[in-house]
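In: Here is my input; please provide its structure:
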Amino acid sequence: MSSQNAIDIFRACIPLFNVLSDPARQDIILLLAERESLSVNEIAEHSSLSRPAISHHLKILRDHHLVQIEQKATQRYYSLQLEQSVQQLKQLIEVVERECLS
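Out: Below is the predicted model of the structure:
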C-alpha cells in the first residue's frame with residue numbers, strides 16, 4: 001500500500017501535469033529551451049497560434065512558475081524557469097522508485 005507521502009506528492013504534481021499536457025505549452029517550452037528568451041511576437045512567429053492564444057498560454061506557464069518575464073523597454077521577454085518544477089518531478093520519481101518499484 002502506498003504511503004500518504006507518495007499520495008501527497010502525486011496530488012501535488014497534478015497541476016503541473018495539467019499545464020504540461022497541452023501541446024501548445026509544450027511547444028512554447030521547447031522553443032524557449034532552444035532560444036532562451038523571446039517576446040510574445042517572436043514566439044508567435046514560430047507558432048500557428050494567434051498572439052492572444054500565445055499570451056494566454058504564457059500566462060498559464062507563468063502562473064505555474066515555468067516561465068519568467070524580463071521587461072526590456074516596452075517589450076516583455078519570456079524565458080524558462082523550470083527549477084521548481086524539475087525538483088517536484090524528481091521528488092515524484094524518487095518516491096515512485098522507493099515505494100512502487102521495491
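In: Only C-alpha atoms from now on, for both contacts and neighbour counts.
Out: Noted.
In: ok, the residue nearest the centre of the chain - contacts?
Out: With distances taken as Cα atoms, centre = their mean, Leu66 lies nearest the centre of the chain, 4.0 Å away. Residues in contact with Leu66 (Cα atoms under 8 Å, 6 or more residues apart in numbering) are 80-82, 85.
In: Just among those, which is most surrounded?
Out: Leu80 (22 neighbours; other Cα atoms under 10 Å).
In: partner residues bridging that one?
Out: On the basis of DSSP bridges, Leu80 is bridged to Val67.
In: so it touches Leu31, yeah?
Out: No. Using Cα atoms under 8 Å, Leu80 is not in contact with Leu31; the gap is 9.8 Å.
In: low-confidence ranges in the chain?
Out: 1-2, 102 (pLDDT under 70).
In: at 90 what do you get?
Out: Along the chain, the parts satisfying pLDDT under 90 run over 1-7, 36, 72-73, 96-102.
In: can you give me the strands in it?
Out: Assigned by DSSP state E, the chain shows strands spanning 37-39, 67-72, 75-80.
In: Throw the ones you listed into CSV and include distance to Leu16, thanks.
Out: Formatted as CSV, those follow (distance: least, Cα to Cα, whole Å):
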stretch, distance to Leu16
strand 37-39, 22
strand 67-72, 13
strand 75-80, 14
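In: Out of these, flag the one nearest Pro15.
Out: When these are compared by Cα to Cα, strand 67-72 sits nearest Pro15, at 15.1 Å.
In: Could you export that closest one as PDB, keeping only the C-alpha atoms?
Out: Extracted C-alpha coordinates of strand 67-72, given in PDB (Å, rounded to 0.1, in the frame of the first residue of the first chain):
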ATOM      1  CA  VAL A  67       8.500  30.900 -17.300                       C
ATOM      2  CA  GLN A  68       9.600  34.300 -16.000                       C
ATOM      3  CA  ILE A  69       9.300  37.700 -17.600                       C
ATOM      4  CA  GLU A  70      12.000  40.300 -18.100                       C
ATOM      5  CA  GLN A  71      10.900  43.800 -19.100                       C
ATOM      6  CA  LYS A  72      13.200  45.500 -21.600                       C
END
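In: Now do it against strand 75-80, angle only.
Out: Interaxial angle, strand 67-72 versus strand 75-80 (axes from the mean of the first three to the mean of the last three Cα atoms, to 10 degrees): 150 degrees.
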